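Engineer: Here's my sequence, what's the structure:
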Amino acid sequence: MYHSEDFVEDGLSYHAYDSVYLKGRQPPGAGMEGNANYENEIARQHLASMIPKEVIEFLLYFQKAINENNVPELQIIYESGFDKLSEEFFRQESWPEPDLVAPIVENDKIFLILYKELYYRYLYSKVGKSMIGQQREESYYNYCDIFNYILAGDYETGSASPGPVSLQLPNQWLWDIIDEFIYQYQAFNQYRCRVFNQPGKNEAEFAYLSESPAWNVMSVLNVLHSLIDVSNINRQLEIYNSGGDPESVAGDYGLIPLYKNLGYFSLIGLLRLQCLFGDYYQAIKVLDSVDFNKKSTYSRVAACQVTTYYYVGFAYMMMRRYQDAIRSFCNILLFIQRHKHMFQARNYQQDMMLKMNDQMYNLLAICLVLHPMPIDESVDSQLQEKCSDKIRKMQSRDFNEASVEFEHSFAFACPKFLRPSCAVPEPGTRGIDLNREPYNLQLKVFQEEVNQQYILPTIRSYLKLYTSMSMGKLADFLNVSEDDLKSHLLCYKHKINNRVWLKGAGGLSGEFQSNSELDFFIDNDMIHIADTKVSRRYGDYFIHQINKFTELHNTLKQLPK
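Structural biologist: Predicted structure coming up:
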């Protein structure tokens, strides 16, 4: 097992284990004089001398774990070993280039494509925006190699595979492959738009990107749909939700964890992509087979859970299904509170999850201002701690102040929207900010909804003070005509009624409901208000807690002293 200090296998340190692992290999150069392989071995030793010994030992052990499909060891190597060596040896630089690693692992092609996936991901995390188009393209073609191997054939021999491959990887790595694949598509799209926005600054890169076929949106979608289809994941989820055995419909590929997990993670990848494109209906439609009320093995990957609920909640918010959005955000924020230990490691992925946590509190604040309703007390406490000032400004009667705060909160919390494709700009159009265009479009849609509702919190605050009042009196309070007031009251009635998901799979289904704390009706010129808020029954809560404490006390008394 790999640890930070050394490798341990059956009680031996890696250095003892190394002699076993290399058993049967000849010493460098032995019996190779006059042989063509001799020069290759000398070259391998030269390249190896450029890489720290600890890293070489790690790579060899990593290769062995992959070849033996040792998933527990791979999980330790992937989740801790790689990060620790990165911190120790590669804090200011990238990992060794794949060409340097290839001779060390004897050109093991399967290991190399997986190593490249980690290599380019680490490169993105370190240099990010400064990567050139060729590096981004190389990473894309490596992903093509990975998915071609998984989906279509034997990468090592180049022949078509008669069935699923035998490769096994930890669930966390499988999720990160899909997540990073979409992130790099997003980053390439934005990079290409930045280059196209800067006429004359880098003509060579402009020409290169104009001709590059890499990261085409159709190829990205094709990969995700292929993984979903080959795993038969939608059918498996339907049977699972109905209480049946999903393995009965899984097929040869779907029975294998590699394909089953990649299929499910690809569904979440499609959800994310559709949100980035602004197609929120299709984003929720993708998850028709997923029942969020049922626990599954996929919930063990915390990053997948957080990403799913973030994009589901955001899509619901943009579709004006505020109750569903609030429920989604509260569920995942409560999950994060209860599993803080899963978010303690400080690496770039965990930093992204923590940022997403802050984004969801901002989105929850927006939803609650537009559609007030009771939420979990612990989530509400955190919300007030993080966003109380923002909520106050969004509820302000000063339209300009509220509008500015809504825009700032939206800009911080929304995903980075994309154009589905970034074509070469026509002559004379270069210089237009192509990256801002999708965001500006989504912001415009959001602002239109906010503008329709800006006066509703004020109306709500007055209605809470009365059980009945005349139309004229409320119109005077608001400084509007009675005709305008009727329009605002109709708008209020319309906005407090949302389609709400009730149960089962299919997030687009549901019934129209109102969860407002008050309701009203108009009789001639009189407004009659009813408080619909039900007082919380604290007695039941305390009785339940007392019973739990009594049960725990009795259990402890029975334990041997």
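
Engineer: wait, what's in contact with the residue nearest the centre of the chain?
Structural biologist: The residue lying closest to the centre of the chain (Cα atoms, centre = their mean) is Thr307, at 2.9 Å. Contacts here follow Cβ atoms under 8 Å, 6 or more residues apart in numbering; on that basis Thr307 touches Asp179, Ile268, Arg272, Met356. Placement of C-beta: from N, CA and C, glycine included.

Engineer: which residue packs closest to the third one, ignoring adjacent ones?
Structural biologist: It stands for Arg272. Nearest non-adjacent residue to Arg272, counting by Cβ to Cβ, 6 or more residues apart in numbering: Tyr311, 5.3 Å away.

Engineer: count of residues packed around Asp291?
Structural biologist: 18 (other Cβ atoms under 10 Å).

Engineer: Please verify my assumption that it contacts Ile239.
Structural biologist: No: in this structure Asp291 lies outside contact range of Ile239 using Cβ atoms under 8 Å: 11.8 Å.

Engineer: any chance you could map the strands in the chain?
Structural biologist: Using DSSP state E, the strands assigned to the chain run over residues 8-9, 12-13, 468-470, 497-500, 511-514, 518-523, 526-531.

Engineer: And the fifth one, what does it pack against?
Structural biologist: The contact analysis (3 or more Cβ pairs under 8 Å, 6 or more residues apart in numbering; DSSP states H and E) places strand 511-514 against strand 497-500.

Engineer: Give the partner strands of the strand it packs on in its sheet and their orientations.
Structural biologist: strand 511-514 (antiparallel) (DSSP bridges).

Engineer: Show me the contact partners of the strand it pairs with.
Structural biologist: Residues outside strand 511-514 that contact it (Cβ under 8 Å, 6+ apart): Gln323, Ile496, Asn497, Asn498, Arg499, Val500, Leu502, Thr532.

Engineer: ok, the fourth one - contacts?
Structural biologist: Asn498 makes contact with Arg320, Arg321, Tyr322, Gln323, Asp324, His371, Phe512, Gln513, Ser514, Asn515 under the criterion Cβ under 8 Å, 6+ apart.

Engineer: partners of it in the sheet?
Structural biologist: In this entry, Asn498 is beta-bridged to Gln513, by DSSP bridges.

Engineer: And it, how far from Glu88?
Structural biologist: Distance, Asn498 to Glu88, using Cβ to Cβ, to the nearest Å: 52 Å.

Engineer: Now the lengthiest helix in the chain: average pLDDT?
Structural biologist: For the chain, the helix that runs over the most residues, judged by DSSP state H, is helix 171-197. The average pLDDT for helix 171-197 rounds to 89.

Engineer: pull the CA atoms of stretch 359-373 into PDB?
Structural biologist: Taking C-alpha atoms only, stretch 359-373 is exported to PDB below (Å, rounded to 0.1, in the frame of the first residue of the first chain):
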ATOM      1  CA  GLN A 359     -22.400  30.100  -4.800                       C
ATOM      2  CA  MET A 360     -25.400  28.000  -3.700                       C
ATOM      3  CA  TYR A 361     -25.900  30.200  -0.600                       C
ATOM      4  CA  ASN A 362     -26.100  33.200  -2.900                       C
ATOM      5  CA  LEU A 363     -28.600  31.400  -5.200                       C
ATOM      6  CA  LEU A 364     -30.600  30.400  -2.200                       C
ATOM      7  CA  ALA A 365     -30.700  34.000  -1.000                       C
ATOM      8  CA  ILE A 366     -32.000  35.100  -4.500                       C
ATOM      9  CA  CYS A 367     -34.700  32.400  -4.500                       C
ATOM     10  CA  LEU A 368     -35.900  33.200  -1.000                       C
ATOM     11  CA  VAL A 369     -36.100  37.000  -1.800                       C
ATOM     12  CA  LEU A 370     -38.200  36.200  -4.900                       C
ATOM     13  CA  HIS A 371     -40.200  33.400  -3.200                       C
ATOM     14  CA  PRO A 372     -40.100  33.500   0.600                       C
ATOM     15  CA  MET A 373     -40.700  30.200   2.300                       C
END
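
Engineer: still on that earlier bit, which of the contacts of strand 511-514 has the largest number of neighbours?
Structural biologist: Asn498 (24 neighbours).

Engineer: so what pLDDT did it get?
Structural biologist: 77.

Engineer: Please renumber the chain so that the first residue is 33 from this point on.
Structural biologist: All set: I'll call the first residue 33, so the last point we hit is now Asn530.

Engineer: how about stretch 213-233: buried residues?
Structural biologist: For stretch 213-233, burial by neighbour count (16 or more other Cβ atoms under 10 Å) applies to 213-229.

Engineer: typo on my end, it should be stretch 124-135
Structural biologist: By neighbour count, and taking 16+ other Cβ under 10 Å as the criterion, the buried residues in stretch 124-135 are Trp127, Pro128, Pro130, Val133, Ala134, Pro135.

Engineer: just stretch 258-266 next, same as before
Structural biologist: Applying a neighbour-count criterion of 16+ other Cβ under 10 Å, the buried positions in stretch 258-266 are Ser258, Leu259, Ile260, Val262, Ser263, Asn264, Ile265, Asn266.

Engineer: Is the last one in contact with Leu319, as I believe?
Structural biologist: In other words, Asn266. No: with contact defined as Cβ under 8 Å, Asn266 does not count as touching Leu319 (9.7 Å).

Engineer: and for the two, which residues touch both?
Structural biologist: Common contacts of Asn266 and Leu319, defined by Cβ under 8 Å, 6+ apart, comprise Leu299.

Engineer: could the strands of the chain go into a markdown table alongside distance to Ile407?
Structural biologist: As requested, the strands of the chain are exported to a markdown table (distance: least, Cβ to Cβ, whole Å):
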| stretch | distance to Ile407 |
| --- | --- |
| strand 40-41 | 48 |
| strand 44-45 | 53 |
| strand 500-502 | 29 |
| strand 529-532 | 15 |
| strand 543-546 | 16 |
| strand 550-555 | 17 |
| strand 558-563 | 19 |
